[in-house]
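Peer 1: This is the structure alone, sequence omitted:
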């Protein structure tokens, strides 16, 4: 029976240690997110467009091939939206 108590005590300490470490990391993430928010507020205060800055951050995470594919698809979709639809062409004829 004492083996069970020792094992439970050790496991309990290990679980507590893991939980406390995760809680510490979550607090650090919260602090970092607050710092990130402050940086964007600073940028906005200097007249920069935060949405564009976030888009740049997103694109910088992509490798060059992924970025090229993204830009190509964006261009294709934009052109498709600007092109007259078949129904519009039929009406004009």
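Peer 2: That came through fine. Owing to the predicted nature of the structure, the values given are computational and were not obtained by experimental measurement.
Peer 1: just checking, residue 53 touches residue 42?
Peer 2: No - Residue 53 is beyond contact range of residue 42, at 10.9 Å (criterion: Cβ atoms under 8 Å). Just so you know, the C-beta spots here come from the backbone N, C-alpha and C atoms, and that holds for glycine as well.
Peer 1: what sits in contact with each of those two?
Peer 2: Between them, residue 53 and residue 42 share no contacting residue under Cβ atoms under 8 Å, 6 or more residues apart in numbering.
Peer 1: Who has more neighbours out of those two?
Peer 2: More crowded of residue 53 and residue 42, by other Cβ atoms under 10 Å: residue 53, with 14 against 10.
Peer 1: Pull up the per-residue confidence for that one.
Peer 2: Looking at residue 53, its pLDDT is 97.
Peer 1: how far away is it from residue 64?
Peer 2: 20 Å (Cβ to Cβ, to the nearest Å).
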